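Colleague: Quick check, what structure comes out for this input:
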Amino acid sequence: MLVTGVARQLGGRFVRRIQRDPQVDRVIAVDAVPPEHHIGGADFVQADIRQPTIARVLAEYSVDTVVHMDVTGTALGSGSRTTVKETNVIGTMQLLGACQKSPTVKRLVVKSSTNVYGSAPRDPAVFTETTSPKSLPSGGFAKDTVEVEGYVRGFARRRPDVAVCVLRFANILGPSADSPLASYFSLPVLPTVFGYDPRLQFVHEGDVIEVLRLASHEPQRGTLNSGTFNIAGDGVLLLSQCARRLGRPTVPLLLPALSWAGTAVRTLGVTDFSPEQLRLLTHGRVVATVQMRETLGYQPKYTTAETFADFAHSRGPGLLPPEAVAGVVDRIAALSLPGGGHPPTQSAN
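Modeller: Reported below is the predicted structural model:
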C-alpha cells in the first residue's frame, strides 16, 4: 500500500493505524518533505507527486493499493497557496497517470471533500452524492477538489479494473485538526455574517482514519468499497450553537461575506481563510450519509455534536463560560416569543 501526504498529521496517523491491519504487508509513505512525526514501520520515500518519479515508486514496490491523502486546503510549513494547488491538481494528475500505467495497482482511495458542492443561497437542504451544485466553486480548495474528482472519474473510465473510492469528507475537526475552519473556531471572537446562522456538519479525525482504512481493503460481504461517498457525523450544528459551546462571543458584520474576508478575518490572524470558507459560514452545507452506511458499511463513532465537543475541549475555555453565553442567547430568544414567554425546554446544547 502506498499513502501520499504523510507529512501532515492526518496522513501520519493513517499510516500508523493501517500498519496494524493484518491484511497489509507493507506501507510506503510518500511526501515531498520528511514527516516530523513518527510513521511506525512504514518505508518513507521522499518524492514529490507532481514529478514523474512517483511512477518509479509504484513500480519499484509493486504497489497494489494507493491511498491519496495529499489533497488539502492548507499549506504545509512555509508553503504557498500556489504550491498547494499544484500538489492538489498537478500532483493528482501525475499520480493517476502513474497508476494508469501500473499493472499492479488494483485499488485507489481518494480523500476528497464536500466542498465540491459549494455553498450557495439556492442550495438544497441536503446534498446527496448525485446532487449537482447550484453554483460550481470558482476558486480555492473547492475548485481544486472539483478538478481532482474530474481526473479521478477519467482514470476510473480508463482503468475499469481498478476499484476507485472517493470519500467526500465534511469539515474535519478534532484535537489535532489543522484547517481554515479550525483556525476560525480558535479565534477569541468569531466574526459572523449578519442575518445568517448556517447549518454545519463535521466529521471527527478518528472517523476519517477508520473510513479510509475500511475503503482501502477488499469489501466485506454486503458492502461495496468503490464509488463516491459523503462522510459526516450524524446531525448538524448551527454556527451560533458552535459559538456557544466554545464560549466565544460573535460579531455579526453588515458586510457581504466576500468583502469582509480580507479585512476582519485576516486582521484576526487567519491568513488563509478563503472566500469558499466564508460562503460556508454564510449559507452552510449539509450532506446525506445514507450511502456511507448502507453501501460502504461505515457507522461513524462520533456525531457532529460530539466531534465539535472534542475539538472545543482541545482548544480550552473561551472568553465566556458556555453556560453564560447560552443563558444570554436564551433570554434574547425568549423576548421574541409570544408574551415574552420562555424558549423551548430542549436546550440547543
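
Colleague: which strands and helices sit next to the helix or strand Val109 falls within?
Modeller: Following DSSP states H and E, one finds Val109 within strand 107-113. Packed against strand 107-113, as judged by 3 or more C-beta pairs under 8 Å, 6 or more residues apart in numbering; DSSP states H and E, are the following elements: strand 65-68, helix 92-101, helix 140-158, strand 163-169, helix 205-215. Every residue, glycine included, has its C-beta placed from N, CA and C.

Colleague: For the stretch 1-150 of the chain, which segments are assigned as helices?
Modeller: Ranges of helices in the stretch 1-150 of the chain, per DSSP state H, counting those that start in this stretch, are 9-18, 53-61, 81-85, 92-101, 140-158.

Colleague: Please work out which of those helices is packed deepest.
Modeller: Most buried of those, by mean neighbour count (mean count of other C-beta atoms under 10 Å): helix 9-18, with a mean of 22.

Colleague: Please compute how far it lies from its chain's middle.
Modeller: What separates the centre of helix 9-18 from the centre of its chain is 15 Å, taken as C-alpha atoms, centre = their mean, to the nearest Å.

Colleague: Kindly report the same for stretch 144-157.
Modeller: Chain-centre distance of stretch 144-157: 17 Å, with C-alpha atoms, centre = their mean.

Colleague: Show me the contact partners of it.
Modeller: Contacts with stretch 144-157, where a contact means C-beta atoms under 8 Å, 6 or more residues apart in numbering, come from 71, 73, 84-85, 88-89, 92-93, 96, 99-100, 108, 110, 112-113, 115-116, 136-137, 162, 164, 166, 228.

Colleague: May I have the secondary structure class of Phe229?
Modeller: In three-state terms, and counting by DSSP: H, G, I helix; E, B strand; the rest coil, Phe229 is strand.

Colleague: contacting residues around it?
Modeller: Phe229 neighbours (C-beta under 8 Å, 6+ apart): Glu129, Cys165, Val166, Leu167, Arg168, Gln291, Met292, Thr295, Leu296.

Colleague: Just the buried residues from these, in PyMOL please.
Modeller: For anyone working in PyMOL, the buried entries among the contacts of Phe229, judged by 16 or more other C-beta atoms under 10 Å, can be selected with:
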select buried, resi 129+165+166+167+168+291+292+295+296
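
Colleague: Including distance to His283 and pLDDT, could the contacts of Phe229 go into TSV?
Modeller: Shown next, in TSV, are the contacts of Phe229 (distance: C-beta to C-beta, whole Å; pLDDT from 0 to 100):
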residue	distance to His283	pLDDT
Glu129	20	96
Cys165	28	96
Val166	24	97
Leu167	23	97
Arg168	18	97
Gln291	23	95
Met292	23	96
Thr295	28	93
Leu296	27	93
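
Colleague: Can you lay out the contacts of Phe229 as a markdown table showing distance to Val57?
Modeller: Below are the contacts of Phe229 laid out as a markdown table (distance: C-beta to C-beta, whole Å):
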| residue | distance to Val57 |
| --- | --- |
| Glu129 | 31 |
| Cys165 | 21 |
| Val166 | 22 |
| Leu167 | 23 |
| Arg168 | 27 |
| Gln291 | 32 |
| Met292 | 31 |
| Thr295 | 31 |
| Leu296 | 28 |
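
Colleague: before we move on, back to that, tell me what angle the strand holding Val109 forms with helix 9-18.
Modeller: 150 degrees (axes from the mean of the first three to the mean of the last three C-alpha atoms, to 10 degrees).

Colleague: now the angle from strand 107-113 to helix 205-215?
Modeller: Counting by the same axes, to 10 degrees, strand 107-113 lies at 150 degrees to helix 205-215.

Colleague: how about stretch 303-315: buried residues?
Modeller: Going by neighbour count (16+ other C-beta under 10 Å), the buried part of stretch 303-315 is Thr303, Thr304, Ala305, Glu306, Thr307, Phe308, Ala309, Asp310, Phe311, Ala312.

Colleague: Which of these sits closest to Ala55?
Modeller: Distance to Ala55 across the buried residues of stretch 303-315 (C-beta to C-beta) is lowest for Thr307, with 37.5 Å.

Colleague: Check which helices and strands the strand or helix carrying that closest one sits against.
Modeller: Using DSSP H and E, Thr307 sits in helix 304-315. Secondary-structure packing of helix 304-315 (3+ C-beta pairs under 8 Å, 6+ apart): strand 171-173, helix 180-185, strand 202-204, strand 237-238, helix 239-246.

Colleague: what's in contact with that helix?
Modeller: Residues contacting helix 304-315 (C-beta under 8 Å, 6+ apart): 170, 173-177, 182, 185-186, 200-204, 207, 232-237, 242, 245-246, 302.

Colleague: I'd like the helices of the stretch 1-150 of the chain as JSON lines, with mean pLDDT and distance to His283 appended.
Modeller: Output for those, formatted as JSON lines (pLDDT from 0 to 100; distance: least, C-beta to C-beta, whole Å):
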{"stretch": "helix 9-18", "mean pLDDT": "95", "distance to His283": "26"}
{"stretch": "helix 53-61", "mean pLDDT": "96", "distance to His283": "37"}
{"stretch": "helix 81-85", "mean pLDDT": "80", "distance to His283": "23"}
{"stretch": "helix 92-101", "mean pLDDT": "96", "distance to His283": "27"}
{"stretch": "helix 140-158", "mean pLDDT": "93", "distance to His283": "13"}
